[in-house]
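Chemist: sequence and predicted model, in that order:
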Amino acid sequence: MKKYRVAKINKFDNRTWQKIDRIDSFISPWLESYFPKTNFQACHDEQNLYFKFEAIDNDIKINQASTDKMAVNDSDRVELFFSADQDLKNYYCLEMAPCGKVMDFEASYPKNMNFHWSWPKGQISIHTEMNDGGYVVHGWVSLSSLEKLNVLIDNQIMTGIFRANCIKYNPGHSEFEWISWVNPNTEKPDFHRPSAFGLLCLQS
(Lines give C-alpha, C1' and ligand atoms only; values in the text may rest on other atoms or scores of the structure.)
Protein backbone atom coordinates (compact mmCIF):
# COMPACT_ATOMS: atom_id res chain seq x y z
CA MET A 1 0.00 0.00 0.00
CA LYS A 2 1.26 3.46 -0.93
CA LYS A 3 2.41 5.51 2.09
CA TYR A 4 2.99 9.17 2.92
CA ARG A 5 4.92 10.20 6.02
CA VAL A 6 3.03 12.96 7.86
CA ALA A 7 5.62 15.06 9.68
CA LYS A 8 5.04 16.10 13.29
CA ILE A 9 5.42 19.80 14.06
CA ASN A 10 5.53 21.78 17.27
CA LYS A 11 3.48 24.77 16.16
CA PHE A 12 1.65 25.36 12.89
CA ASP A 13 1.78 28.56 10.83
CA ASN A 14 1.66 29.25 7.08
CA ARG A 15 5.44 28.96 6.79
CA THR A 16 5.20 25.35 7.93
CA TRP A 17 4.39 24.18 4.39
CA GLN A 18 7.81 25.28 3.15
CA LYS A 19 9.36 22.44 5.15
CA ILE A 20 6.81 19.69 4.44
CA ASP A 21 7.22 16.99 1.76
CA ARG A 22 4.53 17.03 -0.89
CA ILE A 23 2.76 14.46 -3.02
CA ASP A 24 3.04 15.66 -6.61
CA SER A 25 2.71 12.32 -8.41
CA PHE A 26 -1.06 12.30 -8.88
CA ILE A 27 -2.28 10.21 -11.79
CA SER A 28 -5.35 9.74 -13.96
CA PRO A 29 -5.18 6.14 -15.20
CA TRP A 30 -8.24 6.60 -17.42
CA LEU A 31 -6.77 9.46 -19.47
CA GLU A 32 -4.16 9.45 -22.19
CA SER A 33 -4.25 13.22 -22.56
CA TYR A 34 -2.88 16.02 -20.38
CA PHE A 35 -4.50 16.65 -17.02
CA PRO A 36 -3.71 19.53 -14.63
CA LYS A 37 -1.16 19.22 -11.83
CA THR A 38 -2.13 18.68 -8.20
CA ASN A 39 0.01 18.89 -5.05
CA PHE A 40 -0.87 17.66 -1.56
CA GLN A 41 0.84 18.16 1.80
CA ALA A 42 -0.01 17.12 5.36
CA CYS A 43 1.49 17.50 8.82
CA HIS A 44 0.27 17.18 12.40
CA ASP A 45 0.76 18.35 15.95
CA GLU A 46 -0.73 16.97 19.16
CA GLN A 47 -4.24 18.24 18.29
CA ASN A 48 -4.78 18.35 14.53
CA LEU A 49 -4.03 16.90 11.13
CA TYR A 50 -3.26 19.81 8.78
CA PHE A 51 -3.60 19.46 5.01
CA LYS A 52 -3.12 21.53 1.87
CA PHE A 53 -4.09 20.98 -1.77
CA GLU A 54 -2.75 23.10 -4.61
CA ALA A 55 -4.67 22.58 -7.86
CA ILE A 56 -3.58 24.07 -11.19
CA ASP A 57 -6.75 25.13 -13.01
CA ASN A 58 -7.22 27.91 -15.58
CA ASP A 59 -10.98 27.37 -15.85
CA ILE A 60 -12.50 26.84 -12.40
CA LYS A 61 -16.10 25.67 -12.53
CA ILE A 62 -18.39 25.96 -9.48
CA ASN A 63 -22.10 25.43 -8.94
CA GLN A 64 -23.02 28.75 -7.32
CA ALA A 65 -26.77 28.31 -7.86
CA SER A 66 -27.33 26.27 -4.71
CA THR A 67 -26.19 26.62 -1.11
CA ASP A 68 -26.83 22.91 -0.52
CA LYS A 69 -23.68 20.86 -0.01
CA MET A 70 -24.70 18.56 -2.86
CA ALA A 71 -23.83 21.42 -5.25
CA VAL A 72 -20.21 20.31 -4.81
CA ASN A 73 -21.10 17.34 -7.06
CA ASP A 74 -21.10 19.67 -10.07
CA SER A 75 -18.00 21.65 -9.10
CA ASP A 76 -14.25 21.39 -9.38
CA ARG A 77 -13.07 19.87 -6.11
CA VAL A 78 -10.45 18.00 -4.12
CA GLU A 79 -11.29 15.09 -1.85
CA LEU A 80 -10.11 13.28 1.27
CA PHE A 81 -11.59 9.91 2.26
CA PHE A 82 -10.69 8.37 5.64
CA SER A 83 -11.46 4.71 6.26
CA ALA A 84 -11.84 2.78 9.50
CA ASP A 85 -10.76 -0.49 7.88
CA GLN A 86 -9.27 -1.97 4.71
CA ASP A 87 -12.66 -3.24 3.55
CA LEU A 88 -14.24 0.25 3.66
CA LYS A 89 -17.03 -0.95 5.94
CA ASN A 90 -17.02 2.58 7.34
CA TYR A 91 -15.35 5.56 5.72
CA TYR A 92 -15.80 9.32 5.91
CA CYS A 93 -15.49 11.77 3.05
CA LEU A 94 -14.67 15.43 2.55
CA GLU A 95 -15.21 16.80 -0.94
CA MET A 96 -14.11 20.46 -1.05
CA ALA A 97 -14.86 22.98 -3.79
CA PRO A 98 -12.71 26.08 -4.53
CA CYS A 99 -15.47 28.38 -3.22
CA GLY A 100 -15.35 26.79 0.24
CA LYS A 101 -18.39 24.54 -0.04
CA VAL A 102 -17.86 21.14 1.55
CA MET A 103 -19.77 17.94 0.87
CA ASP A 104 -19.13 15.72 3.88
CA PHE A 105 -20.70 12.29 4.24
CA GLU A 106 -20.20 8.81 5.61
CA ALA A 107 -20.18 5.72 3.45
CA SER A 108 -19.63 1.98 3.27
CA TYR A 109 -18.49 -0.21 0.42
CA PRO A 110 -19.84 -0.55 -2.19
CA LYS A 111 -21.03 3.07 -2.60
CA ASN A 112 -23.58 3.21 0.21
CA MET A 113 -23.55 6.90 1.10
CA ASN A 114 -25.25 8.86 3.86
CA PHE A 115 -25.28 12.54 2.91
CA HIS A 116 -27.23 13.47 6.05
CA TRP A 117 -24.05 12.86 8.06
CA SER A 118 -21.77 15.80 8.82
CA TRP A 119 -18.35 16.08 10.42
CA PRO A 120 -18.65 16.88 14.16
CA LYS A 121 -19.00 20.63 14.67
CA GLY A 122 -15.83 22.40 15.76
CA GLN A 123 -13.65 19.45 14.77
CA ILE A 124 -12.75 20.67 11.30
CA SER A 125 -11.74 23.90 9.57
CA ILE A 126 -11.46 24.41 5.80
CA HIS A 127 -10.33 27.49 3.84
CA THR A 128 -10.00 28.08 0.12
CA GLU A 129 -8.28 30.56 -2.16
CA MET A 130 -8.70 31.10 -5.90
CA ASN A 131 -6.21 32.79 -8.22
CA ASP A 132 -5.42 33.06 -11.92
CA GLY A 133 -3.51 29.80 -11.88
CA GLY A 134 -5.94 27.65 -9.94
CA TYR A 135 -7.03 27.19 -6.35
CA VAL A 136 -5.81 26.14 -2.91
CA VAL A 137 -7.75 24.20 -0.28
CA HIS A 138 -6.23 23.98 3.19
CA GLY A 139 -7.38 23.31 6.72
CA TRP A 140 -7.28 20.90 9.60
CA VAL A 141 -9.17 17.98 11.11
CA SER A 142 -8.89 17.28 14.83
CA LEU A 143 -7.09 14.08 15.75
CA SER A 144 -9.71 13.45 18.42
CA SER A 145 -12.47 13.30 15.79
CA LEU A 146 -10.41 10.89 13.68
CA GLU A 147 -9.91 8.70 16.74
CA LYS A 148 -13.63 8.74 17.60
CA LEU A 149 -14.41 7.66 14.05
CA ASN A 150 -11.86 4.85 14.45
CA VAL A 151 -9.88 5.92 11.39
CA LEU A 152 -6.72 6.92 13.31
CA ILE A 153 -5.23 3.67 14.57
CA ASP A 154 -1.62 3.26 15.73
CA ASN A 155 -0.74 6.64 14.18
CA GLN A 156 -1.95 5.55 10.74
CA ILE A 157 -4.95 6.56 8.64
CA MET A 158 -6.14 4.66 5.58
CA THR A 159 -6.75 7.59 3.20
CA GLY A 160 -7.89 8.34 -0.32
CA ILE A 161 -6.58 11.60 -1.83
CA PHE A 162 -8.37 12.66 -4.99
CA ARG A 163 -9.32 15.47 -7.35
CA ALA A 164 -12.30 15.92 -9.67
CA ASN A 165 -11.40 18.38 -12.43
CA CYS A 166 -14.58 19.63 -14.08
CA ILE A 167 -14.21 19.78 -17.87
CA LYS A 168 -17.87 20.30 -18.77
CA TYR A 169 -20.22 22.09 -16.38
CA ASN A 170 -23.85 20.99 -16.59
CA PRO A 171 -25.69 20.76 -13.25
CA GLY A 172 -26.61 17.16 -12.63
CA HIS A 173 -24.57 15.99 -15.62
CA SER A 174 -21.15 17.63 -15.27
CA GLU A 175 -18.15 15.80 -16.69
CA PHE A 176 -14.82 15.35 -14.92
CA GLU A 177 -11.25 14.25 -15.22
CA TRP A 178 -10.69 11.96 -12.22
CA ILE A 179 -7.29 12.29 -10.55
CA SER A 180 -5.89 10.13 -7.74
CA TRP A 181 -2.85 9.63 -5.53
CA VAL A 182 -3.21 5.84 -5.84
CA ASN A 183 -4.11 3.88 -8.96
CA PRO A 184 -7.33 1.96 -8.13
CA ASN A 185 -6.69 -0.37 -11.10
CA THR A 186 -10.26 -0.13 -12.34
CA GLU A 187 -11.54 -0.03 -15.90
CA LYS A 188 -13.64 3.05 -15.15
CA PRO A 189 -13.00 5.83 -12.59
CA ASP A 190 -13.98 4.66 -9.11
CA PHE A 191 -12.58 6.12 -5.89
CA HIS A 192 -15.05 4.33 -3.61
CA ARG A 193 -13.13 1.08 -3.35
CA PRO A 194 -10.26 -0.18 -1.14
CA SER A 195 -7.71 -0.21 -3.97
CA ALA A 196 -7.97 3.60 -4.27
CA PHE A 197 -6.60 4.19 -0.75
CA GLY A 198 -3.12 4.64 0.63
CA LEU A 199 -1.78 5.15 4.14
CA LEU A 200 -0.99 8.36 6.00
CA CYS A 201 1.68 7.54 8.58
CA LEU A 202 1.82 10.11 11.40
CA GLN A 203 5.38 10.55 12.63
CA SER A 204 6.17 10.88 16.32
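Modeler: Now that the structure is in, tell me what you want to look at. Residues are numbered from 1 along each chain as shown.

Chemist: what's the neighbour count on residue 116?
Modeler: As a burial measure, residue 116 scores 7 neighbours (other CB atoms under 10 Å). Every C-beta, even on glycine, is put in place using the N, C-alpha and C of the backbone.

Chemist: just checking, what packs against the strand ranked longest in the chain?
Modeler: For the chain, the longest strand by residue count, based on DSSP state E, is strand 156-168. On a contact count with 3 or more CB pairs under 8 Å, 6 or more residues apart in numbering; DSSP states H and E, strand 156-168 meets strand 48-56, strand 77-83, strand 175-180, strand 198-202.

Chemist: hey, which of these is tucked in deepest?
Modeler: Ranked by mean neighbour count, these are led by strand 77-83 with a mean of 24 (mean count of other CB atoms under 10 Å).

Chemist: so what touches it?
Modeler: Applying CB atoms under 8 Å, 6 or more residues apart in numbering, the contact partners of strand 77-83 are 38, 51, 53, 55, 90-98, 103, 137, 146, 149, 151, 157-164, 191-192, 194, 196-197.

Chemist: hmm, back to that, can you put the helices and strands packed on strand 156-168 in a markdown table and add distance to residue 28 and mean pLDDT?
Modeler: Shown next, in a markdown table, are the helices and strands packed on strand 156-168 (distance: least, CB to CB, whole Å; pLDDT from 0 to 100):
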| stretch | distance to residue 28 | mean pLDDT |
| --- | --- | --- |
| strand 48-56 | 13 | 98 |
| strand 77-83 | 14 | 98 |
| strand 175-180 | 5 | 96 |
| strand 198-202 | 16 | 98 |
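
Chemist: how about CSV for those, with distance to residue 120 added?
Modeler: Listed next are those as CSV, based on distance: least, CB to CB, whole Å:
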stretch, distance to residue 120
strand 48-56, 13
strand 77-83, 13
strand 175-180, 27
strand 198-202, 20
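
Chemist: among those strands, which is nearest residue 15?
Modeler: Using CB to CB as the measure, strand 48-56 is the one of the helices and strands packed on strand 156-168 that comes nearest residue 15, at 12.4 Å.

Chemist: what pairs with the closest one, parallel or antiparallel?
Modeler: Here strand 48-56 is paired, per DSSP bridges, with strand 38-44 (antiparallel), strand 134-142 (antiparallel).

Chemist: coming back round to it: wait, which of the helices and strands packed on strand 156-168 is closest to residue 141?
Modeler: strand 48-56 (5.0 Å).

Chemist: the closest one to strand 175-180, inter-axis angle?
Modeler: Calculated by axes from the mean of the first three to the mean of the last three CA atoms, to 10 degrees, strand 48-56 forms an angle of 130 degrees with strand 175-180.

Chemist: what lies in contact with strand 48-56?
Modeler: By CB under 8 Å, 6+ apart, strand 48-56 touches 6, 12, 16-17, 36-44, 76, 78, 80, 96, 98, 133-143, 146, 157, 163, 165, 200, 202.

Chemist: compare the helices and strands packed on strand 156-168 and give me the one nearest residue 26.
Modeler: Evaluated with CB to CB, these place strand 175-180 nearest to residue 26, the distance being 5.1 Å.
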